[in-house]
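1. quick one: sequence plus predicted model below, questions after.
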Amino acid sequence: MKLRGILLFALCSSIFFLLGSSALAQTAAPASDDAAGLRSEHWDFGVFLGGGSGVGVRTNVQMFRGGVRIGRVMTGELGRGWGKGTFELDGEITPVDCVFWSGYKNAYGFGVTPIDMKWNFTSGKRLVPFVEAAGGFLWSTVNIPPGDTSQINFTSGGGGGMHIFLKPDRALTWTLRAVHISNASLGNHNPGVNASVQASLGYTWFKTR
């Protein structure tokens with residue numbers, strides 16, 4: 001199975017789906033403020049699947065992950081104009097967090113991202129873009145990267161994405177994130193994965209009551 005081709009197809013499909021959904025949302029009549037759950041302090045919950053690839057010297061590594069996310073919008077709307085928005089604090093659990101190396105054992109893992117800070121740009125009623133910075137850790141069945149490294153690694157990165165509201169308080173959520181993987185010298189060697197690009201597509205429920 002050509003994993004890289006599958007991941008590339010998944011990422012391109014996500015982008016195509018995002019653009020198509022955005023066009024539909026823009027042409028739909030804004031009968032209600034579907035994004036109300038992001039405008040004040042509320043909980044939200046989501047599920048997602050995603051994948052990506054290393055870049056630079058790590059193009060021989062691909063990732064696949066799936067999990068759940070729980071978040072809390074911590075503020076009401078702040079600011080004015082295009083920058084108006086809300087601050088959100090999320091956490092992710094990924095019981096499926098796999099790393100595939102060309103010529104090496106596949107690493108099946110479990111990941112936790114306890115810190116995912118977001119700023120939601122809430123000017124729109126159906127399309128809500130956001131930027132984020134996240135950090136967590138990954139436990140895997142074999143060492144990452146190959147060699148005398150570690151089965152425990154730390155992940156950090158940032159990126160952005162968009163909530164595409166399909167109905168009140170229900171949205172497709174697309175994210176593109178740059179991720180750094182390092183064992184912070186827990187192993188005898190720490191070559192890490194300095195840079196990877198990962199995309200995910202999920203569904204989010206926003207609790208407004």
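-> On my side now, so go ahead.
2. middle-most residue in this protein, spatially?
-> The residue lying closest to the centre of the chain (Cα atoms, centre = their mean) is Thr175, at 4.8 Å.
3. these two touch, right, Arg177 and Glu132?
-> Yes - checked against Cβ atoms under 8 Å, the pair Arg177 and Glu132 is within contact range at 7.3 Å. Placement of C-beta: from N, CA and C, glycine included.
4. coming back round to it: excluding its backbone neighbours, what's nearest the residue nearest to the centre of the chain?
-> In space, and not counting its chain neighbours, Thr175 is closest to Gly161: 3.6 Å by Cβ to Cβ, 6 or more residues apart in numbering.
5. and the helix or strand containing Phe64, average pLDDT?
-> Element membership of Phe64, judged by DSSP states H and E, is strand 61-73. On average, the pLDDT along strand 61-73 is 95.
6. now stretch 184-204
-> Across stretch 184-204, the average pLDDT comes to 90.
7. only C-alpha atoms, please: export it in PDB.
-> Written as PDB, here are the backbone C-alpha positions of stretch 184-204 (Å, rounded to 0.1, in the frame of the first residue of the first chain):
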ATOM      1  CA  ALA A 184      13.900  16.300  24.900                       C
ATOM      2  CA  SER A 185      17.000  14.000  25.400                       C
ATOM      3  CA  LEU A 186      15.000  11.300  27.200                       C
ATOM      4  CA  GLY A 187      16.900   8.900  24.900                       C
ATOM      5  CA  ASN A 188      20.600   8.700  24.300                       C
ATOM      6  CA  HIS A 189      20.100  10.500  20.900                       C
ATOM      7  CA  ASN A 190      17.500  13.100  20.000                       C
ATOM      8  CA  PRO A 191      17.500  13.600  16.200                       C
ATOM      9  CA  GLY A 192      13.800  14.300  16.300                       C
ATOM     10  CA  VAL A 193      11.500  15.200  13.400                       C
ATOM     11  CA  ASN A 194      12.200  18.900  13.100                       C
ATOM     12  CA  ALA A 195       9.200  19.700  10.900                       C
ATOM     13  CA  SER A 196       6.100  17.900   9.600                       C
ATOM     14  CA  VAL A 197       2.900  19.200   8.200                       C
ATOM     15  CA  GLN A 198      -0.400  17.600   9.300                       C
ATOM     16  CA  ALA A 199      -4.000  18.300   8.300                       C
ATOM     17  CA  SER A 200      -7.100  17.000   9.900                       C
ATOM     18  CA  LEU A 201     -10.900  17.100   9.200                       C
ATOM     19  CA  GLY A 202     -13.400  16.700  12.000                       C
ATOM     20  CA  TYR A 203     -16.900  17.500  13.300                       C
ATOM     21  CA  THR A 204     -17.500  19.800  16.300                       C
END
